[in-house]
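Q: here is my input; please provide its structure:
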Amino acid sequence: MMRTTCPAVLAAVFALSSMTVQAASDCKGLEETACAGNPACTWTKGYTRSDGKTIAAYCKAKAGNKASAETAATPAPATATGGTAK
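A: As a prediction, this is how the structure comes out:
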C-alpha cells in the first residue's frame, strides 16, 4: 500500500524549515559593528584549529535566541485584570 502525504503537511514542514534558515541568515555575513548592533547575533573571533586551519571571525545567531528575539520585538500583552496602576 502506498502512502500519500497531504500537501498542507508538506507546506507546513517547508515553511517551518525555511523560518529556521531565515533566522540563521539574519546574522550571516554581517560586519562586526552590524553584528554587535543586532541583539539576536553574536560575533565570534577568528581562531586557528588544532589541525592548523585558520577560521576567520564571523557573525552568527545566538544559541536559543529565536524566541527571545521575537518577544523582545513584541510588546508585552496587557494584564488579564484590565485594571490601571495606582
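
Q: residues contacting the closest residue to Ala56 other than its chain neighbours?
A: Among residues not flanking Ala56 along the chain, Gly46 sits closest, at 5.0 Å (C-beta to C-beta, 6 or more residues apart in numbering). C-beta: built from backbone N, CA, C; applies to glycine. With contact set as C-beta atoms under 8 Å, 6 or more residues apart in numbering, Gly46 has these partners: Thr54, Ile55, Ala56, Ala57.

Q: now Ile55
A: By C-beta under 8 Å, 6+ apart, the neighbours of Ile55 are Gly46, Tyr47, Thr48, Arg49.

Q: of the residues you listed, which belong to strands?
A: Under the assignment DSSP state E, the contacts of Ile55 contribute Tyr47, Thr48 to strands.

Q: and the end-to-end length of stretch 46-63?
A: 18 Å (C-alpha to C-alpha, to the nearest Å).

Q: now stretch 31-50
A: For stretch 31-50, the end-to-end distance is 26 Å (C-alpha to C-alpha).

Q: what comes up buried for that stretch?
A: In terms of neighbour count (16 or more other C-beta atoms under 10 Å), stretch 31-50 has its buried residues at Cys35, Asn38, Ala40, Cys41, Thr42, Trp43.

Q: just these: which are in strands?
A: Using DSSP E, those in strands are Cys41, Thr42, Trp43.

Q: so Lys62 touches Asn38, yeah?
A: No - contact between Lys62 and Asn38 fails when scored by C-beta atoms under 8 Å: they sit 9.5 Å apart.
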